[in-house]
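Enquirer: test case, fold it:
(one chain, ligands or ions: 1)
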Amino acid sequence: MQPLYIKVHARDNVAIVVNPEGLPAGTVFPDGLTLAERIPQSHKVALQDFQAGEPIVRYGQVIGLALRPIRAGSWVREDVLDLPMAPPLDQLALATEVPPALPALTGHTFQGFRNTNGSIGTKNILGITTTVQCVAPTVDYAVRRIKLELLPRFPNVDDVIAITHTYGCGVAIDAPGAAIPIQTLKHISLHPNLGGAPLVVSLGCEKLQPARMFPDRHLQRNLMPVLEDDPYVIRLQDEDLRGFGDMIAAIMRAAEKRLEQLNQRQRTACPASELIVGLQCGGSDAFSGVTCNPAVGYAADLLVRAGATVMFSEVTEVRDAVHLLTPRAINVDVARDLIREMKWYDDYLLRGSADRSANPTPGNKRGGLSNIVEKALGSVAKAGSSALMSVASHGERVTAKGLVFAATPASDFICGTQQLASMNMHVFTTGEGTPYGLAMVPVIKVSSRTALAERWPDLIDIDAGRIATGVSTMEEVGWEIFQCLLDVASGRKKTWADHWGLHNALAPFNPGPVT
Ligand code: CA
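Expert: The predicted structure is shown next:
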């Protein structure tokens, strides 16, 4: 393989090395640039000489200022970069460059489960919700028995899962932040893949009472006619239940009734507009912003054109690119909503005596990402090129169509849990690699580098590294992701995470105090 680097934007004065083994000092690129030192794959090479204080530009944006003089052909690392200020939130352009609507894409369908409440599922799962961690092992035990003794009789049901978490008691339940985990758990419990109706196991004395999780009168009327006596709410401290055996029997009786209902569900043709796709990245590297994330961005545009909902999230990975997003908001109100979420997170980090620089991980840095600015610029490529139609707060369920920002932390398992409040499909990009998966929705994993896809052929679903080496185009990989979404949503194809049953624990975001 010839010495190869990738420069993303015409204004860039650094580029990243493509060759898998990196390149030694003295390597001469076709344009005459000579390496002054060894540079590993995906790390940055200076395309010019820099004076101290000169801006270093990648993606056409300043990712930092040179802390000392840098010679052309040198390795541009974290330690030679000064972290610039985040874009000030009071000086952003609001809805000034709204992209025109993309041409409609029609005729694409998938085989989904249509629920009576109008929502569309991509799996058919019995989910048993819990209001508190105290009941989790009991529900886990019941689920093992249900899978063994009941599930084989209901062939249309894919799985039985316990929706367990660490929330529910020992928390300041009236604190403003408590609404976030409670809303998240409520929306997850009503998820389209669970048929849109909950089966709840409560302890009895916990702070998060079932009526607090489902406060809506219409929910109590329609889904749980009389909440206190509902057969789908089981309280382990109920005086009628004598011992563990009774508890398990009560859960299994309710589970059997729900399985009978779920088994009636059939897949039917649904337009691609019914997809609600959550986008996330984890273990990103310097290739993520030039291969997998823009390819997912291309797929995001296809989804938007087909009338679907595409959510991107991860506040700290959007914060440093917010000046590129507020102009794209469909109107000034949506731009202000985005700023509100950035401000909320700035304040949240400040309360914890941290800031956005806490984000990049050792793995991100090993993968060539020097700081959060560079990481954010690559991360927002997932959002494609369409107008930002709506912004959802932490824990809020997304109802808008088109491109939506749904506020979540960037932490993979917390972001995934928060996105579960809305999404029926998940696309996850990775550079360093993670076997991440979720029980409730399929997770399609896209790698930034071919080397990772080759090392983990039984974990990575799509290799976007082919874009860096010129084997495939961005458009080809984008269409492949789009088609893969339709196939997996239809149950025709299984993701590797589902093949192996790799399902991360739910981790609702709780910014409130623990007591
Ligand atoms: Ca993440």
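
Enquirer: what residues does this structure have near the ion?
Expert: 282, 410, 412, 415 (CB under 5 Å from the ion). The way it works is simple: take the backbone N, C-alpha and C, and place the C-beta from them, glycine included.

Enquirer: name the residues that touch stretch 81-94?
Expert: Stretch 81-94 is contacted by residues 56, 62-67, 319-320, 322-323, 326-327, 329, 332, 335-336, 339, 342-343, 346, 356-357, 370-373 when judged by CB atoms under 8 Å, 6 or more residues apart in numbering.

Enquirer: so how do I select the buried members of the residues of the chain next to the ion in ChimeraX?
Expert: Command for ChimeraX, covering only those of those found buried under the criterion 16 or more other CB atoms under 10 Å:
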select :282,410,412,415
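
Enquirer: so which of the residues of the chain next to the ion are in helices?
Expert: Using DSSP state H, 412, 415 are the members of the residues of the chain next to the ion that sit in helices.

Enquirer: how about the helices of this structure, start to end?
Expert: 136-149, 179-189, 210-213, 217-222, 243-262, 292-305, 322-325, 332-351, 362-366, 372-379, 412-419, 450-455, 474-489, 496-500.

Enquirer: out of those helices, nearest to residue 440?
Expert: For the helices of the chain, proximity to residue 440 was assessed by CB to CB; helix 179-189 is nearest, at 7.2 Å.

Enquirer: and the nearest residue to residue 156 once chain neighbours are set aside, backbone torsions?
Expert: Spatial nearest neighbour of residue 156, excluding adjacent residues (CB to CB, 6 or more residues apart in numbering): residue 263 at 4.7 Å. Note on residue 263: its backbone torsions stand at phi -70, psi -20 [degrees, to the nearest 10].

Enquirer: same question for residue 290.
Expert: Per-residue torsions, residue 290: phi -120, psi -10 (degrees, to the nearest 10).

Enquirer: tell me how far it lies from residue 373.
Expert: For residue 290, the distance to residue 373 equals 16 Å [CB to CB, to the nearest Å].

Enquirer: neighbours around the spatially closest residue to residue 98 that is not a sequence neighbour, how many?
Expert: In this structure, residue 98 finds its nearest non-sequential neighbour in residue 387, 5.2 Å apart by CB to CB, 6+ apart. Applying other CB atoms under 10 Å, we find 19 other residues in the vicinity of residue 387.

Enquirer: what do you get for residue 255?
Expert: Neighbourhood size, residue 255 [other CB under 10 Å]: 24.

Enquirer: surely residue 481 touches residue 446?
Expert: Yes - using CB atoms under 8 Å, residue 481 makes contact with residue 446 at a distance of 6.5 Å.

Enquirer: now the common contact residues for these two.
Expert: Common contacts of residue 481 and residue 446 (CB under 8 Å, 6+ apart): 295, 296, 427, 462.

Enquirer: pull stretch 30-42 out as PDB, backbone CA atoms only.
Expert: Taking Å, rounded to 0.1, in the frame of the first residue of the first chain, the C-alpha atoms of stretch 30-42 are listed here in PDB:
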ATOM      1  CA  PRO A  30       3.000  11.300  -3.500                       C
ATOM      2  CA  ASP A  31       2.800  15.100  -3.000                       C
ATOM      3  CA  GLY A  32       6.300  15.300  -1.700                       C
ATOM      4  CA  LEU A  33       5.500  15.700   2.100                       C
ATOM      5  CA  THR A  34       8.100  13.800   4.100                       C
ATOM      6  CA  LEU A  35       7.500  12.400   7.600                       C
ATOM      7  CA  ALA A  36       9.800  13.900  10.200                       C
ATOM      8  CA  GLU A  37       9.000  11.100  12.600                       C
ATOM      9  CA  ARG A  38       7.000   7.800  12.800                       C
ATOM     10  CA  ILE A  39       3.300   8.400  12.800                       C
ATOM     11  CA  PRO A  40       0.800   5.600  13.700                       C
ATOM     12  CA  GLN A  41      -2.400   5.000  11.700                       C
ATOM     13  CA  SER A  42      -5.200   7.500  12.200                       C
END
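
Enquirer: buried sites along that stretch?
Expert: Buried, per 16+ other CB under 10 Å, within stretch 30-42: 33, 35, 36, 39, 41, 42.

Enquirer: same check, this time on stretch 312-323
Expert: 312, 313, 314, 315, 316, 317, 318, 319, 320, 321, 322.

Enquirer: backbone dihedrals for the third one, please?
Expert: For residue 314, the backbone dihedrals (degrees, to the nearest 10) come out as phi 60, psi 80.

Enquirer: correct me, but it touches residue 415?
Expert: Yes - using CB under 8 Å, residue 314 makes contact with residue 415 at a distance of 5.7 Å.

Enquirer: thanks again, I'm all set now.
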